[in-house]
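A.B. asks: Next input, structure requested:
(chains A and B)
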There are 2 protein chains.
Amino acid sequence: MGISLNMRKMAYLKEGTAYQELARKGEGFFQKICEDPEIGFTELPENLIYVDHCDEALNHLPEGIETLYVLGIGGSALGTSMLINAFPDSCRRKVIVVDNVDSDTINRLLNQVNSEKSALNVISKSGSTVEPLSLFSTFFARFEKDLGRSEALRRVVVTTDVEKGVLRQLAAEENLISLSIPGNVGGRFSVLTPVGLFPAMFAGIDVVPLLLGAKREKREGMNRAVSGAVVDYLFHEQSRNIKVLFPYCDRLKTFADWYLQLFAESLGKLKNRRDRIVRSGQTGVVALGVTDQHSQIQLYKEGPGDKSFFFFTVEKQVDVPIPSVFDKYSSFQVLRGKSFAQLMGAEAEGTMQSLERNSLPIFQYELDNVDGETLGALIFMFEMQTAITGYLMNINPFNQPGVEEGKQIARKLLEA
Amino acid sequence: MGISLNMRKMAYLKEGTAYQELARKGEGFFQKICEDPEIGFTELPENLIYVDHCDEALNHLPEGIETLYVLGIGGSALGTSMLINAFPDSCRRKVIVVDNVDSDTINRLLNQVNSEKSALNVISKSGSTVEPLSLFSTFFARFEKDLGRSEALRRVVVTTDVEKGVLRQLAAEENLISLSIPGNVGGRFSVLTPVGLFPAMFAGIDVVPLLLGAKREKREGMNRAVSGAVVDYLFHEQSRNIKVLFPYCDRLKTFADWYLQLFAESLGKLKNRRDRIVRSGQTGVVALGVTDQHSQIQLYKEGPGDKSFFFFTVEKQVDVPIPSVFDKYSSFQVLRGKSFAQLMGAEAEGTMQSLERNSLPIFQYELDNVDGETLGALIFMFEMQTAITGYLMNINPFNQPGVEEGKQIARKLLEA
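C.D. replies: I've put the predicted structure just below:
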């Protein structure tokens, strides 16, 4: 495992007194967040009990299950997608994340489902999220029709609050396999609870390294999380309202999606803790390198100065040489004797340097590889960084007061 | 086919003299763009010759080809992804878009490839784009090893500039199947050339309705494209630098990705036509409804006022009822007797109303359905809208002066 934050041409920032004072504050917040009993995500790296619970749940499933339908949305889906996409070679069984209620898609999924060989993992912290409940009803009805009620019930795993809510009650009364989300862990911080662990373990991913990486990052990574938080705070203060995440690695695309929602929902707030209107928050954009260079770099380089850029580059473990088959044609000659890792590396560096020549703020996370420990460390680091940024901004990074209104209107429209 | 732009609470804009004057200008630009011989995309809807060319190319492929690897990037990939994802039920053969040079992914693809039953479509307008060339070398070498040179060559379709570039030369000398991109159509405007048409037709999609829809939009849709352009111009002037695209339809997710890169690269410019520094351009964000409501709405509702919102809602053709199986549990009761289309509709409306109550600018594209004609119309409309917006901003929407520098640096790094 190796992650280093390369501040490149922005390293001068660290010399400033503003930076140093903020970093000192940030270190205090790091400790405070770790010690606060109302904030649960910091305890997860040391907690192996959920792995045991998930193991037990896996053992309770009938034999021969090949596909798991994860019925969750937002924080109950993005963590799973991140893990599944990061480790495709570990996945021996299929996990299908159903995180929308589009009738076309559902119809297509129902046409393909093999109830006998499938299981359902319905996930909702509150137990009342309407999307997973509607999907659960639909898939369960299909399983019941195909297999009968008792066989259908054996194929359900409920992941919900440890004690509260309708799904907890349903799981108890119907005697379903169930897993717990601790009360002090919010949805977007829940990937290292059974929310993310169970589907990953079902697929075949070894989750222990994730927890080990997170644990090590908690112990040794304060500096990285604090640096990142100070940088985000400073650029937010400068009204650089767009944070561009540029992973140069297909396997990190959904990690970037996960991280984007984490800071969007945590830091996008109308009021600060003193009830002053602040309208805070950066909008995240995920640009996959090298792919999105070709569509986005014109805007990034020449457009408004409202962005900060975070590159993720990976020392490749698997490389593929580029064969010389059309070398007599000029445009192929630059590739002679090169590999795809070299090509990607050169393009990442070329893009960073080109943006830097235009005085844009570039930061580079250099990763030795993308294994379980590294991803676990990244998860913990960015959860902590997001929380610290919120504290520096003096807003509450753990609530989401703005999401209820739309749900209530939708409910009224449905009842009308 | 039916598309209507519902300006909702923003309809008052149309009453203003600023709007009306801009709209008059925009109508002039619409005509001017259609008549300019240097701008080719406007001629594509009437041009069925490319369909014939693609048909011919399909007939030249060996029998039994089941998978097409599309080797292209940016404008040579996003259009294809848009079409393939919009019509999953039409796709009888598989199209795999390889638009990155990640060695992990390439290794995984090479492990799975069946050369005998596959073909390659290498796409580059200039003929010198390094990513498709490196991928072409790699896949071709594999085909050659598996099948021998002449069978490998039979499985290649080259799509490139009608007369210029290395790929054109290579296609001629090696006697490959080849398709043309007209010189006056830029990459990001090329989906209705063989760039997008060939892979779509290979898959099994009927592309004629796309062209018909585009043609009808050209004839009847001036008002829509102009309204959209004026709205974009006005919000850009107000420094609302983020344009959020909110499709409530899984099949339109990649359409939104395509549209995003279209306006990013077209409108993100350092200088205007008078050589004045303007740093123009909006950053696009795709939020898939309802999925991304759960991760983004907190930021959108309470965060900075730097966004305008464009919802795409679809009158569903396929609906799925939500069965009542757990009705005795309270949270399920709101779903009683409802369908997924109703649920999605209520959530879209709830989200729009919630944002509107917070005085945010919401526009709604209401689509009767997502068929070929509708998608064709959307493609033409947004290409035209983007061009008109550029003309209103007095920048050149058809160039991309900012992309060369990074490529040159990468080339030097590779040669070092």
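
A.B. asks: just the strands in the stretch 201-350 of chain A please.
C.D. replies: A:242-247, A:283-286, A:307-314 (DSSP state E, counting those that start in this stretch).

A.B. asks: Pipe the ones you listed into JSON lines and attach mean neighbour count, mean pLDDT and distance to chain B per row.
C.D. replies: Just so you know, the C-beta spots here come from the backbone N, C-alpha and C atoms, and that holds for glycine as well. Shown next, in JSON lines, are these (neighbours: other Cβ atoms under 10 Å in any protein chain shown; pLDDT from 0 to 100; distance: least, Cβ to the nearest Cβ, whole Å):
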{"stretch": "strand A:242-247", "mean neighbour count": "25", "mean pLDDT": "98", "distance to chain B": "5"}
{"stretch": "strand A:283-286", "mean neighbour count": "24", "mean pLDDT": "97", "distance to chain B": "5"}
{"stretch": "strand A:307-314", "mean neighbour count": "22", "mean pLDDT": "98", "distance to chain B": "7"}
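
A.B. asks: Make JSON lines from those strands and add distance to residue B:312 to it.
C.D. replies: JSON lines is the format used below for the strands of the stretch 201-350 of chain A (distance: least, Cβ to Cβ, whole Å):
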{"stretch": "strand A:242-247", "distance to residue B:312": "22"}
{"stretch": "strand A:283-286", "distance to residue B:312": "19"}
{"stretch": "strand A:307-314", "distance to residue B:312": "25"}
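
A.B. asks: what comes into contact with stretch A:352-365?
C.D. replies: A:3-10, A:231, A:235, A:240, A:297, A:300-302, A:305, A:307-313, B:405-406, B:409 (Cβ atoms under 8 Å, 6 or more residues apart in numbering or on different chains).

A.B. asks: try 6 Å this time
C.D. replies: A:5-10, A:301, A:308-312, B:405-406, B:409 (Cβ atoms under 6 Å, 6 or more residues apart in numbering or on different chains).

A.B. asks: Stretch A:302-314 now?
C.D. replies: Residues contacting stretch A:302-314 (Cβ under 6 Å, 6+ apart): A:235, A:240-249, A:252, A:348, A:352, A:361-367, A:370, B:241, B:268-270, B:279, B:281, B:402.

A.B. asks: same deal with stretch A:64-80?
C.D. replies: A:93-99, A:117-123, A:131-132, A:135-136, A:187-188, A:190-191, A:195-196, A:199, A:202, A:258, A:261, B:294-295.

A.B. asks: Just the ones of the residues you listed in helices?
C.D. replies: Secondary structure assignment by DSSP state H places A:131, A:132, A:135, A:136, A:195, A:196, A:199, A:202, A:258, A:261, B:294, B:295 of the contacts of stretch A:64-80 in helices.

A.B. asks: okay, the residue nearest the centre of chain A: pLDDT?
C.D. replies: Centroid-nearest residue in chain A: residue A:258, 2.5 Å away (criterion: Cα atoms, centre = their mean). We have a pLDDT of 97 for residue A:258.

A.B. asks: Please name the residues that touch it.
C.D. replies: A:78, A:79, A:82.

A.B. asks: Can I get the longest helix anywhere in chain A as PDB, trimmed to CA atoms?
C.D. replies: What stands out as the longest helix in chain A, according to DSSP H, is helix A:372-392. What follows is helix A:372-392, C-alpha atoms only, in PDB (Å, rounded to 0.1, in the frame of the first residue of the first chain):
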ATOM      1  CA  GLY A 372      -7.800  -3.700  -1.000                       C
ATOM      2  CA  GLU A 373      -5.600  -1.900   1.500                       C
ATOM      3  CA  THR A 374      -5.100   1.100  -0.800                       C
ATOM      4  CA  LEU A 375      -8.800   1.400  -1.500                       C
ATOM      5  CA  GLY A 376      -9.600   1.000   2.200                       C
ATOM      6  CA  ALA A 377      -7.100   3.800   3.000                       C
ATOM      7  CA  LEU A 378      -8.600   6.000   0.300                       C
ATOM      8  CA  ILE A 379     -12.100   5.400   1.700                       C
ATOM      9  CA  PHE A 380     -11.100   6.400   5.200                       C
ATOM     10  CA  MET A 381      -9.000   9.300   4.100                       C
ATOM     11  CA  PHE A 382     -11.700  10.900   2.100                       C
ATOM     12  CA  GLU A 383     -14.400  10.300   4.700                       C
ATOM     13  CA  MET A 384     -12.200  12.000   7.200                       C
ATOM     14  CA  GLN A 385     -11.000  14.800   4.900                       C
ATOM     15  CA  THR A 386     -14.700  15.600   4.000                       C
ATOM     16  CA  ALA A 387     -15.600  15.700   7.700                       C
ATOM     17  CA  ILE A 388     -12.600  18.000   8.500                       C
ATOM     18  CA  THR A 389     -13.400  20.300   5.600                       C
ATOM     19  CA  GLY A 390     -16.900  20.600   7.000                       C
ATOM     20  CA  TYR A 391     -15.500  21.500  10.400                       C
ATOM     21  CA  LEU A 392     -13.200  24.100   8.900                       C
END
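
A.B. asks: Tell me the first helix or strand C-terminal of it.
C.D. replies: Heading C-terminal from helix A:372-392, the first helix or strand you meet, by DSSP states H and E, is helix A:404-415.

A.B. asks: what's the model's confidence in that next one, averaged?
C.D. replies: 91.

A.B. asks: Check which helices and strands that helix sits against.
C.D. replies: Judged by 3 or more Cβ pairs under 6 Å, 6 or more residues apart in numbering or on different chains; DSSP states H and E, the packing partners of helix A:404-415 are helix B:340-357.

A.B. asks: Narrow the contacts of stretch A:302-314 to just the buried residues.
C.D. replies: A:235, A:240-249, A:252, A:348, A:352, A:361-365, A:367, A:370, B:241, B:268-270, B:281, B:402 (16 or more other Cβ atoms under 10 Å in any protein chain shown).
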